[in-house]
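Sequence first, then the predicted structure, then my questions.
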Amino acid sequence: MSLPTTTKIDAAVLRKVSDGANEIVRGLDAVNQTGRDCWIIYLALEKLDADTRRRWIERSMDKDSPTLDDFFKFLDDRCEELELSKGELVTVGKAATQGDKPKRKALNDTLFIRPSIQRDLFVVCLRFRMYKFVFSADIVKMFRQIWVSSKHRDFQRIIWREDPSEQIKHFQLCTVTYGTSCAPFLAVRVLEQLASDHRHEFPNAAKILLEDFYVDDVLTGANKLGKWVSNTNSITEDPDSSTQLTQSSPVKVLGLYWHPGKDTLTYNVGLSANPSCTKRQVLSDVSRIFDPLGLMAPVVVQFKILFQRLWLLNLDWDDPLLNKLADDWLKWRADLDTLQQFQLPRLVVNDADNIELHGFSDASIKAYAAVVYSRVIHDDGSISVSIVAAKTRVAHSSNNLCHAWNFAEHFY
């Protein structure tokens, strides 16, 4: 059951949302599903217009845990109110529409969206594997630390009141606001400006700002450490800090799972239990596999091939898979659980004077792939080999293997 979405204040749509939510409740009750109230309220609120959401928040502020009965009563009261007096309101990010023509413009409709200047995620993750000593961190509340020019703050006006009995107050947001279309550009552009302004004073820090940041996350390190000196233990022992050194449990850095204690990379694919065998479910599962360096390429390519086959069969999103395809998919899906046992050394052993890069590529009528390994010969004669990165692509439906040659040339 899907719920309708509205950006307009419309009693008819609100009643459809209420009916749809009630149907979901009945379905969950049939399978004895408990703890559903907060989830259903959240799901339904996402579908409502901004003014209705605000009214619900104000109405539920004096209750610790509003129930579904409270929510459905609110929707009924709201519908009755709207049926007596109809109105419309534009949400912050989207403009209300009438037919194909926008009635009013929202802020995001008028902002200038610059091209993306954030770092290449592949490059940031790859460089993270090249340092012997590494750390990860993020800028706390990054957007809230960037001032917006005073002449532009009037475009970031919001209304608020602590209690429904109070008059609505108008406020200006003075910092970059999450949800505005230009926010990611402004955040990255500020880091670039800081690096430019202070590169002579802090050349190493400026280099890290320009190369090792992905928006507000930093993955960086060094191959040699000097004499570390500090006048405080709070660097590692601050109880109010989330700083963690060489811990045994993994931390998530830019989608990768890193074990600082073991210095290994692992994967955690959170798939739902008892899946439905449909094209929609296959795409949902594939999208959960985040692998920017292609280290899971032999596994991921199987799902890519399957998904291409589903497209060629012209199946609708919720059509059941053919028996053979469903069996293959469920088998591969079960194999994904074993990936949680897979561990790969984070460090790619490298030496500027003694490193060799070996690239391999291959192709079939179904897919083609390329992989790069590093090979380092140490002074004692020992050899270290590390996988650096890999890529796969599904072959074109024409089965033209010339695509594989072009792919390999591009990768190398």
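Received, thanks.

Show me the helices in the stretch 251-400 of the chain, by range?
279-287, 297-312, 323-335 (DSSP state H, counting those that start in this stretch).

right, so of those helices, which gets closest to Asp351?
The closest of the helices of the stretch 251-400 of the chain to Asp351 is helix 297-312. By C-beta to C-beta, the value is 25.9 Å. C-betas here are computed from N, CA, C, even on glycine.

Hmm, Ser384 is touching Tyr373, no?
No: using C-beta atoms under 8 Å, Ser384 makes no contact with Tyr373, being 10.4 Å away.

Strands along the chain, start to end?
Ranges of strands in the chain, per DSSP state E, are 97-98, 101-102, 133-138, 157-160, 169-172, 213-214, 217-222, 251-253, 256-259, 264-266, 343-345, 355-363, 367-377, 383-394.

For these, please prepare CSV with the additional fields mean pLDDT, mean neighbour count and distance to Asp77.
Compiled in CSV, these are given as follows (pLDDT from 0 to 100; neighbours: other C-beta atoms under 10 Å; distance: least, C-beta to C-beta, whole Å):
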stretch, mean pLDDT, mean neighbour count, distance to Asp77
strand 97-98, 47, 12, 27
strand 101-102, 48, 10, 30
strand 133-138, 88, 16, 43
strand 157-160, 85, 10, 21
strand 169-172, 91, 10, 25
strand 213-214, 91, 20, 46
strand 217-222, 89, 19, 44
strand 251-253, 84, 15, 43
strand 256-259, 88, 19, 47
strand 264-266, 90, 18, 50
strand 343-345, 91, 14, 56
strand 355-363, 92, 13, 64
strand 367-377, 93, 19, 57
strand 383-394, 92, 17, 53
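
In a markdown table, list these along with distance to Asn323.
Output for the strands of the chain, formatted as a markdown table (distance: least, C-beta to C-beta, whole Å):
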| stretch | distance to Asn323 |
| --- | --- |
| strand 97-98 | 44 |
| strand 101-102 | 48 |
| strand 133-138 | 45 |
| strand 157-160 | 55 |
| strand 169-172 | 59 |
| strand 213-214 | 43 |
| strand 217-222 | 44 |
| strand 251-253 | 37 |
| strand 256-259 | 35 |
| strand 264-266 | 34 |
| strand 343-345 | 35 |
| strand 355-363 | 29 |
| strand 367-377 | 23 |
| strand 383-394 | 23 |
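
Which of the ones you listed sits closest to Val286?
strand 383-394 (11.6 Å).

Quick check: neighbours of the closest one in the sheet, parallel or antiparallel?
In the sheet, strand 383-394 lines up against strand 367-377 (antiparallel) (DSSP bridges).

Centre-most residue in the protein?
Gly255 (8.0 Å; C-alpha atoms, centre = their mean).

For it, give me its contacts.
290, 292 (C-beta atoms under 8 Å, 6 or more residues apart in numbering).

Please renumber the chain so that the first residue is 20 from this point on.
Got it, first residue is 20 now, which makes that one Gly274.

quick one on the thing from earlier: between the strands of the chain, which gets nearest to Ser306?
That would be strand 402-413 among those, by C-beta to C-beta, at 15.6 Å.

Need the contact partners of that closest one.
141, 145, 148, 312-314, 316, 319-320, 323-324, 327, 363-364, 366-368, 376, 385-397, 422, 426, 430.

show me where pLDDT drops low in the stretch 170-319 of the chain?
Along the stretch 170-319 of the chain, segments meeting pLDDT under 70 span 244-267.

repeat that with 90
Along the stretch 170-319 of the chain, segments meeting pLDDT under 90 span 174, 176-188, 197-201, 203, 234-235, 240-276, 278-281, 285-311, 315-319.

before we move on, back to that, specify the stretch among the strands of the chain that is closest to Leu341.
Smallest distance to Leu341 across these (C-beta to C-beta): 18.8 Å, for strand 402-413.

what's the angle from that closest one to helix 316-331?
Counting by axes from the mean of the first three to the mean of the last three C-alpha atoms, to 10 degrees, strand 402-413 points 0 degrees away from the direction of helix 316-331.

Need the distance between the two termini of stretch 147-164.
Taking C-alpha to C-alpha, to the nearest Å, stretch 147-164 runs 26 Å from one end to the other.

domain ranges for the chain?
Domains of the chain are assigned by automatic domain parsing as 30-103, 140-244, 374-430.

Now distance to Ser303 too, for those, in TSV please.
As requested, the domains of the chain are exported to TSV (distance: least, C-beta to C-beta, whole Å):
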stretch	distance to Ser303
domain 30-103	17
domain 140-244	21
domain 374-430	18
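
out of those, which comes closest to Trp348?
domain 374-430 (15.5 Å).

from the chain's centre, how far out does that closest one sit?
27 Å (C-alpha atoms, centre = their mean, to the nearest Å).

If we go by neighbour counts, what in stretch 324-337 is buried?
Neighbour-count burial for stretch 324-337, counted by 16 or more other C-beta atoms under 10 Å, picks out 324-329, 334.

Residues touching it, excluding its own?
295, 297-299, 301-302, 305, 340-341, 344, 347-348, 351, 385-386, 413, 416.

same question, stretch 204-218
132-133, 135-137, 161-162, 165, 195, 224-226, 228-229, 232, 234-235.

Can I get the buried part of these as one PyMOL selection?
Entered in PyMOL, the line below selects the buried ones among these, by 16+ other C-beta under 10 Å:
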select buried, resi 161+162+165+195+225+228+232+234+235
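
mind listing which of the contacts of stretch 204-218 are in helices?
Counted as lying in helices by DSSP state H, out of these, are 224-226, 228-229.

Next, format the helices of the stretch 270-419 of the chain as JSON lines and append distance to Phe190.
Below are the helices of the stretch 270-419 of the chain laid out as JSON lines (distance: least, C-beta to C-beta, whole Å):
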{"stretch": "helix 298-306", "distance to Phe190": "38"}
{"stretch": "helix 316-331", "distance to Phe190": "47"}
{"stretch": "helix 342-354", "distance to Phe190": "49"}
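
what's the closest of these to Asp68?
The nearest among these, by C-beta to C-beta, is helix 298-306 at 27.4 Å.
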